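A.B. asks: A predicted structure for the sequence below; I have some questions about it.
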Amino acid sequence: MTALHGIRFAFGTLTVVPVRVTRWDRAAARAGMLSAPLAGLVVGAAAAAAGSALALLGAGALLAAVAAVAVPAALTRGLHLDGLADTADGLGSGRPAEDALRIMRQSDIGPFGVVTLVLALLAQTAALAELFARGWAHGAAAAVLAAVAARLTLTLACRSGVPAARPEGLGAAVASVVPVAWALAAAALVTGAAAGAGGLLGGPAAAARAAAAVLVALAAGQLLLHRCVRRLGGVTGDVFGALAETGATAALVVLALG
């Protein structure tokens with residue numbers, strides 16, 4: 001039952017899939033954040049389907065890439081992108097933690113947020129366009145892997161020892177709920193699965209590239225997480241959004257370089 005509540009928690013907080021979240025306790029939050037890659041798998045599959053459909057219909061790699069970027073934004077109500085912009089504004093403000101958190105809570109987006117948002121979307125679209133140009137299967141696989149890796153960064157960000165920056169909100173609900181060993185096990189499982197899928201699709205080189213994409217996504221997320229904890233005092237819902245978008249972008253860039 002806890003696993004079921006965890007899946008509901010993951011889809012209810014990380015996607016627009018119409019599920020009813022009935023438990024918000026620490027056990028449900030722990031199971032939910034361990035299930036985050038599963039939510040990413042569903043989001044990535046939808047993105048892959050949209051991009052592949054356009055590619056197969058002859059729309060071209062760029063349009064397929066735009067669709068593959070737009071679908072995850074729609075399936076998350078743009079909250080991860082909003083979190084990325086808000087976190088950029090908070091970190092870029094140069095203000096003390098309390099003031100930076102106040103800036104992040106504001107509904108408007110400042111110059112740091114706009115620039116970061118535009119660059120992230122451009123990088124994701126450009127990388128996916130390169131991959132769809134190699135074939136619809138390459139683009140589809142990349143869309144799925146990026147979405148899963150993005151949510152895996154959240155699992156690691158919820159590990160024990162990572163505090164919440166505020167006493168309320170999503171950050172407080174999930175901060176430090178995942179034991180470190182469980183977070184590392186989830187990372188190993190997803191990395192192994194990505195390598196296995198890559199190997200089936202393209203052989204040893206593709207397997208290594210897929211594993212590298214996941215690991216680089218996690219590394220990028222951890223660097224940002226470290227910065228946010230030092231600068232803001234912990235994690236917030238906005239920080240989780242920024243981590244997801246950073247992880248997705250890093251994974252796509254690695255795959256495009258292959």
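C.D. replies: Sure thing, it's come through. Residues are numbered from 1 along each chain as shown.
A.B. asks: so where do the helices sit in this protein?
C.D. replies: Secondary structure of the chain (DSSP state H): helices located at 2-14, 26-34, 36-56, 61-75, 79-92, 97-105, 111-133, 136-157, 170-174, 180-202, 204-232, 237-257.
A.B. asks: switch the ones you listed over to CSV; also include mean pLDDT.
C.D. replies: Compiled in CSV, those are given as follows (pLDDT from 0 to 100):
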stretch, mean pLDDT
helix 2-14, 89
helix 26-34, 93
helix 36-56, 97
helix 61-75, 97
helix 79-92, 95
helix 97-105, 91
helix 111-133, 97
helix 136-157, 97
helix 170-174, 86
helix 180-202, 95
helix 204-232, 96
helix 237-257, 97
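A.B. asks: and of those, who's closest to P163?
C.D. replies: helix 204-232 (7.1 Å; CB to CB). Heads up, the C-betas are built off the backbone N, CA and C, glycines and all.
A.B. asks: buried residues in that closest one?
C.D. replies: For helix 204-232, the neighbour count (16 or more other CB atoms under 10 Å) marks 206-207, 209-218, 220-222, 224-225, 228-229, 231-232 as buried.
A.B. asks: who does it touch, helix- and strand-wise?
C.D. replies: The contact analysis (3 or more CB pairs under 8 Å, 6 or more residues apart in numbering; DSSP states H and E) places helix 204-232 against helix 79-92, helix 97-105, helix 136-157, helix 180-202, helix 237-257.
A.B. asks: what angle do that helix and helix 136-157 make?
C.D. replies: 40 degrees (axes from the mean of the first three to the mean of the last three CA atoms, to 10 degrees).
A.B. asks: what's the angle from helix 204-232 to helix 180-202?
C.D. replies: Orientation of helix 204-232 against helix 180-202 (the same axes, to 10 degrees) gives an angle of 150 degrees.
A.B. asks: so how far is helix 204-232 off the chain centroid?
C.D. replies: Here helix 204-232 is found 11 Å from its chain centre; the criterion is CA atoms, centre = their mean, to the nearest Å.
A.B. asks: go on, stretch 133-146?
C.D. replies: 17 Å.
A.B. asks: picking up where we left off before, quick one: the helices and strands packed on helix 204-232 as TSV, columns for distance to V114 too.
C.D. replies: Shown next, in TSV, are those (distance: least, CB to CB, whole Å):
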stretch	distance to V114
helix 79-92	7
helix 97-105	14
helix 136-157	21
helix 180-202	32
helix 237-257	14
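A.B. asks: much appreciated, bye for now.
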